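A.B. asks: Predicted model, plus sequence, below.
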Amino acid sequence: VGHIHEIKKIQEHIYREYPHLQITGAPFEAVGLPDCIRQAQDAVQRLIPRI
């Protein structure tokens, strides 16, 4: 209960405090391998402007 909200809070904190760190994987919005791949691709797109 509240897992999604807590994950969002953690992600927002990490992105704000550590802008070059991206967290991805099954515990973060993923149900299966396709979700993990999508998360990795999204993380790359967020990092490209910061490099």
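C.D. replies: Here it is on my side, so go on.
A.B. asks: ok, now which ones touch the nearest residue to Pro27 once chain neighbours are set aside?
C.D. replies: What sits nearest to Pro27 in space, not counting adjacent residues and going by Cβ to Cβ, 6 or more residues apart in numbering, is Ile7, at 7.4 Å. Using the backbone N, CA and C atoms, a C-beta is placed for each residue, glycine as well. Ile7 is in contact with 27-29, counting by Cβ atoms under 8 Å, 6 or more residues apart in numbering.
A.B. asks: residue contacts, Asp42?
C.D. replies: Thr24.
A.B. asks: same question, Lys8
C.D. replies: By Cβ under 8 Å, 6+ apart, Lys8 has no neighbours at all.
A.B. asks: Tell me the backbone dihedrals of it, please.
C.D. replies: Dihedral angles of Lys8 (phi, psi; degrees, to the nearest 10) stand at phi -60, psi -40.
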